[in-house]
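A.B. asks: can you look at this prediction? I've put the sequence above it.
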Amino acid sequence: MPLKLTIPNILTTIRVALIPIFIIICYLPVILPEGSIDQAQVNLAAALTFAIAGATDWLDGMIARKWDQTTELGAFLDPVADKLLVACALVLLVRWDRTYAFLAIIIISREICVTSLRELMARKNRSDVVAVAKIGKWKTAAQMTAIIMLLLGSFPYFGWDLHDLGNVFLFIAVILTIISFVYYVKEIYLDLSKKS
């Protein structure tokens, strides 16, 4: 069966393609000769690339629902693209000492666990049990805001230093991450209990 080429799938593919570009941008100060690029320029380019990738996530979901363009490929690739993008950004931010490793570990671990739980429920034809809840959307919003702020870091053009505020948002995202994980586990437990 041929893969259906839809606008949401194209946007998701663009998001996947932006991940290596994002990583290369982040490593430009290492790749290029010393002093040939300003760190503030790298910060801005990385933050913009991440923001564009994040916007495609919101846009492809909206279009898929509005125009009924959901596909199996999109259902698989969309969350994978999101998790790869966030994981790469968090690892780089820890590498740059802009955030704390334990925050990144909690977020990445939760994403792996929730993905595994979704796979489990999909095999039981109960994917609706782990459909994205409001708390998951709040977590994503806080997480994306935090990462963009932390990527910008000390942004001299307007005298901004977003490290502290970015970490506050990331801490909020971690709290929502834990709450949403508990929520999904509870929903799965209740659903499986009915079947036993």
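C.D. replies: Sure thing, it's come through.
A.B. asks: now do the lengthiest helix in the chain, average pLDDT.
C.D. replies: What stands out as the longest helix in the chain, according to DSSP state H, is helix 163-195. Across helix 163-195, the average pLDDT comes to 89.
A.B. asks: tell me what it is packed against?
C.D. replies: With contacts defined as 3 or more C-beta pairs under 8 Å, 6 or more residues apart in numbering; DSSP states H and E, the secondary structure elements packing on helix 163-195 are helix 101-123, helix 134-152. For every residue, glycine as well, the C-beta is placed using N, CA and C.
A.B. asks: mind listing what's buried in stretch 92-111?
C.D. replies: Applying a neighbour-count criterion of 16 or more other C-beta atoms under 10 Å, one finds L92, L93, V94, R98, T99, L103, A104, I106, I107, I108, R110, E111 buried in stretch 92-111.
A.B. asks: equivalent analysis for stretch 164-172, please.
C.D. replies: Going by neighbour count (16+ other C-beta under 10 Å), the buried part of stretch 164-172 is G166, N167, F169, L170, I172.
A.B. asks: so the second one sits against Y100, correct?
C.D. replies: It refers to N167. Yes: distance between N167 and Y100: 7.4 Å, which falls inside the contact criterion (C-beta atoms under 8 Å).
A.B. asks: residue ranges in the protein under the pLDDT threshold?
C.D. replies: By pLDDT under 70, the weakly predicted segments of the chain are 1-4, 64, 69-76, 127-132, 155-159, 195-196.
A.B. asks: and the next helix or strand past the host helix or strand of V42?
C.D. replies: Following DSSP states H and E, one finds V42 within helix 39-66. Scanning the chain past helix 39-66 towards its C-terminal end, the next helix or strand to appear is helix 72-95 (assignment: DSSP H and E).
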